[in-house]
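**Q** Let's see this in three dimensions:
(one chain, ligands or ions: 1)
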Amino acid sequence: MQNIEIRKLKEDEDIPYELLLLADPSIEIVDEYIHRGECFAAHYANEIVGAYVLIKTRPLTFELVNIAVDEKYQGKGIGKKLILDAVKRAREGKAEVLEVGTGNSSLGQLALYQKCGFRISGIDKDFFTKHYSEKIIENGIECVDMIRLSKEL
Ligand code: COA
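**A** Purely as a prediction, here's the structure:
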């Protein structure tokens, strides 16, 4: 899809919660990290169709803590564009590593991150059972562990 513009959300703009909650079902957790990081939005024809949140977690390390594309626009390459934009901005911020975490049951997301050059770096065991009160099931698999991935920049 052409004509997608990705830009940083301004301080006085509404946070696109509806989108961010597609990637993370906990509003408390979204609220916690949205104020620690920067939110970027993808625009298409005056509409916000995707978003991501980037945080500096440690020296030389950034983390992509949320990425989401409006359901109507999924599967058209916007997710990949958002990830490549996050890679570019992390490099501009002088990071050497970009990290991301996803559920053990998020098979499409695991494919997408690896197609964008991320490699599995670890497992945060029981992350989802510890931090989320609702059970999450995707692809018929219970989401219990967080798969950590990273990309050298
Ligand atoms: N198996 C193999 N590849 C898959 C796949 C699967 N199950 N699901 C997606 N992909 C691949 C696509 O084939 C495509 O690869 P290609 O360019 O080689 O064809 C690639 O992933 C990118 O797809 P794209 O169209 O850019 O993704 P998208 O715009 O649909 O965005 C998400 C991806 C995950 C952001 C989007 O689906 C979304 O918002 N999901 C809900 C929120 C979410 O889960 N966020 C991530 C939390 S970790």
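
**Q** for the ligand, what are the nearby residues on this protein?
**A** By the criterion of Cβ under 6 Å from any ligand atom, the positions of the chain lying close to the ligand are 22-23, 67-69, 74-80, 102, 106-109, 111-112, 115. Bear in mind the C-beta positions are built from the backbone N, C-alpha and C, glycine included.

**Q** which among these end up buried?
**A** Neighbour counting with 16 or more other Cβ atoms under 10 Å marks 22, 23, 67, 68, 69, 78, 79, 102, 106, 109, 112 as buried within the residues of the chain next to the ligand.

**Q** Out of those residues, flag the one nearest to the ligand.
**A** Nearest to the ligand, judged by Cβ to the nearest ligand atom, of these is residue 79 at 2.1 Å.

**Q** and the longest strand for the chain?
**A** In the chain, with assignment by DSSP state E, the single longest strand is strand 47-58.

**Q** what lines up beside that one in the sheet?
**A** Strand 47-58 pairs in its sheet with strand 38-44 (antiparallel), strand 61-69 (antiparallel), by DSSP bridges.
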